[in-house]
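[1] The sequence and its predicted three-dimensional model are supplied below.
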Amino acid sequence: MSNIDYEQRYRRAVQIALDAGLSKGTVEPPLLKIVRSWGKQIKPPVYGGFVEVFWHYTITFGILFALIMFFVFWQNGNTPIIEAILATGFAGMGFGASVSGYFLWVARRAKLPDWDAL
């Protein structure tokens, strides 16, 4: 998709979601703004599928969780590596599933059209 087509579709999608009564923070959360500032063509999470949103938020939260836990708790080396990996994975997947479920619920409640239909 060309950059112009994407930007037009993105602006239309955001406007439809805002007109449906969703807040700007729900339609364009901070993670979306950061990823878009890097030049990536990503759709708002209320237009993403469960799996797509799940992986974006799981990976992002997992990385941040691991960094914070390392500097706060794991730095002394007493935590086995498998425990750290499992904790990071479960925390990331739990957060990703929660956020994905929320965005899916919001999109269905607002009766938003499919991204491809825009």
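    Received it, and whenever you're ready, just let me know what you need. Numbers count the residues shown, from 1 in each chain.

[2] contacts, neighbours, all on C-alpha from now
    Noted.

[3] mind checking the longest helix of this structure?
    For the chain, the longest helix by residue count, based on DSSP state H, is helix 81-109.

[4] list the buried ones in it?
    Within helix 81-109, the residues scored as buried using 16 or more other C-alpha atoms under 10 Å are 87-89, 91-97, 99-101, 103-104, 106-107.

[5] what do you get for stretch 40-60?
    41, 43-48, 50, 53-55, 57-59.

[6] Sort out for me which of those residues are in helices.
    Checking the buried residues of stretch 40-60 against DSSP H, those in helices are F50, V53, F54, W55, Y57, T58, I59.

[7] So which of those is the closest to I4?
    Using C-alpha to C-alpha, V53 comes nearest to I4 of these, at 23.4 Å.

[8] Confirm for me that that closest one is in contact with G96.
    Yes: using C-alpha atoms under 8 Å, V53 is in contact with G96, at 7.3 Å.

[9] that older thread, tabulate the ones in helices among the buried residues of stretch 40-60 in TSV, adding columns for pLDDT and distance to A17.
    Below are these laid out as TSV (pLDDT from 0 to 100; distance: C-alpha to C-alpha, whole Å):
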residue	pLDDT	distance to A17
F50	96	17
V53	96	17
F54	97	20
W55	96	22
Y57	95	20
T58	97	24
I59	96	25
